[in-house]
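Engineer: Generate coordinates for the sequence data below:
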Amino acid sequence: MVSRQIVLARLAPLFVATAAAAVLAACGGNDSSPPPAPTPLLTLDGSVPLVIGHRGLPGLYPEETLPAYEGAPDAGADSLEEDLHMTRDCVLVARHNPWLSDNT
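Structural biologist: Model prediction:
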């Protein structure tokens, strides 16, 4: 009998929390109106800011790769910013760090 009272005492806060969550979920209403359109962010002079794809689209693709560069305009980038470095034999390489020793 004592163990049952202990179990019920421990379950009481869980029951109260579950009941409160159910009541709050039911209060959501049935609003079928569409959400308001987002307002665009503007710069200080009132114009729409430029979106620059730094190293392409690194959130979805590996940085400094062709898929990242091709995906950036599709995601809304106005321009691309690449990290270009010239090798000793005058070849441009798209890489964030200018030295290979940083990663090898």
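
Engineer: C-alpha from now on. contacts and neighbour counts both.
Structural biologist: Noted.

Engineer: Compute the distance between the spatially most central residue of the chain and residue 67, please.
Structural biologist: Geometric centre of the chain, nearest residue: residue 59, 7.8 Å, by CA atoms, centre = their mean. As judged by CA to CA, to the nearest Å, residue 59 and residue 67 stand 12 Å apart.

Engineer: swap in residue 42?
Structural biologist: Per CA to CA, residue 42 is found 29 Å from residue 67.

Engineer: neighbour-wise, which of the two wins?
Structural biologist: residue 67 (15 against 11; other CA atoms under 10 Å).

Engineer: how many neighbours does the closest residue to that one other than its chain neighbours have?
Structural biologist: Excluding the flanking residues, the one nearest residue 67 by CA to CA, 6 or more residues apart in numbering is residue 61, at 6.5 Å. The number of residues packed near residue 61 is 17, by other CA under 10 Å.

Engineer: now swap in residue 58 and tell me
Structural biologist: Residue 58: 17 surrounding residues under other CA under 10 Å.

Engineer: What segments of this protein are helices?
Structural biologist: For the chain, the helices defined by DSSP state H occupy 2-26, 66-74.

Engineer: tell me the most buried of these?
Structural biologist: helix 66-74 (a mean of 17; mean count of other CA atoms under 10 Å).
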